[in-house]
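Trainee: Provided below are the primary sequence and the corresponding predicted coordinates.
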Amino acid sequence: GYTAVQLPPVILRNMLENPGWYTAYTPYQPEVSQGRLEALLNFQQVTLDLTGLDMASASLLDEATAAAEAMAMAKRVSKLKNANRFFVASDVHPQTLDVVRTRAETFGFDVIVDDAAKALDHQDVFGVLLQQVGSTGEIHDYSALISELKARKVIVSVAADFMALVLLTAPGKQGADIVFGSAQRFGVPMGYGGPHAAFFAAKDE
């Protein structure tokens, strides 16, 4: 979801309001490039720390796009080659579900939407998408469910609230293969719904 947040004034002054970061004044370009690389590295490290996984990208367009990428990745790495169904928990954010459905249509995947607890009731599923924290505001312990899904060789993705992961058990520690979400919670204005940078992390397997 989207949350009204406060951007710390020190970041606003020293980065967003500092023309040295966004002008093409040549003498400062090497420093700007180096600063951007360092910022991306820090972003990836925070992502790894909070998700409990092994690898992180430098970001994606938004959470919904990241969900579609997670679905495509799950199909590519799945050992269930004949499975063609992707399960989405019913409390996944609606804008995320819309993009997943659109992308699934182009891939020829069937999308099943149901309560997370019923994920095990469906057959021929190559991947499952869970939400932590859900659209209903509920916090779930998915450890047991993920363990059972992994026993069936199902790839588990979790769309996570970045700020909530500061306090909650990392989805990677619960067994998730892919974790993604929106970085908007870390001080980025809502901007009429985005897009906002997404984080994306996965197991190194």
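Mentor: Perfect, thanks for sending it.

Trainee: hey, where'd the strands end up in this protein?
Mentor: 55-56, 85-89, 110-114, 125-132, 155-160, 178-182, 198-202 (DSSP state E).

Trainee: Mean neighbour count, those: which tops it?
Mentor: Comparing the strands of the chain by mean neighbour count (mean count of other C-beta atoms under 10 Å), strand 178-182 ranks first with a mean of 29. Yep, even glycine has a C-beta here, placed from its N, CA and C like the rest.

Trainee: contacting residues around it?
Mentor: Strand 178-182 is contacted by residues 2, 51-53, 60, 62-63, 66-67, 69-70, 73-74, 155-162, 170-172, 194, 196-203 when judged by C-beta atoms under 8 Å, 6 or more residues apart in numbering.

Trainee: again, only this time at 7 Å
Mentor: Contacting residues not belonging to strand 178-182 are listed as 51, 53, 62-63, 66-67, 70, 73-74, 157-162, 171-172, 196, 198-202 [C-beta atoms under 7 Å, 6 or more residues apart in numbering].

Trainee: so what's the residue minimising distance to the centre of the chain closest to, chain neighbours aside?
Mentor: In the chain, the centroid-proximal residue (C-alpha atoms, centre = their mean) is residue 180; its distance is 1.3 Å. Leaving aside its sequence neighbours, residue 180 sits nearest to residue 66 (C-beta to C-beta, 6 or more residues apart in numbering; 3.8 Å).

Trainee: Tell me where this protein has helices.
Mentor: 9-11, 29-51, 63-77, 94-107, 143-151 (DSSP state H).

Trainee: mind checking which of those is nearest residue 115?
Mentor: Proximity to residue 115 (C-beta to C-beta) singles out helix 143-151 among those, at 11.0 Å.

Trainee: tell me the average confidence for that closest one?
Mentor: The average pLDDT within helix 143-151 is 96.

Trainee: coming back round to it: what sits against the residue nearest to residue 180?
Mentor: Neighbour list for residue 66: 60, 180, 198, 200 [criterion: C-beta under 7 Å, 6+ apart].

Trainee: I figured the first one hits residue 196, correct?
Mentor: What it means is residue 60. No - using C-beta atoms under 7 Å, residue 60 makes no contact with residue 196, being 10.2 Å away.

Trainee: Please enumerate the shared neighbours of the two.
Mentor: Joint contacts of residue 60 and residue 196 (C-beta under 7 Å, 6+ apart) do not exist.

Trainee: re the thing from before, ok, and which of the helices of the chain has the densest surroundings?
Mentor: helix 63-77 (a mean of 22).

Trainee: State the distance from residue 176 to residue 102.
Mentor: When C-beta to C-beta, to the nearest Å is applied, the distance between residue 176 and residue 102 equals 24 Å.
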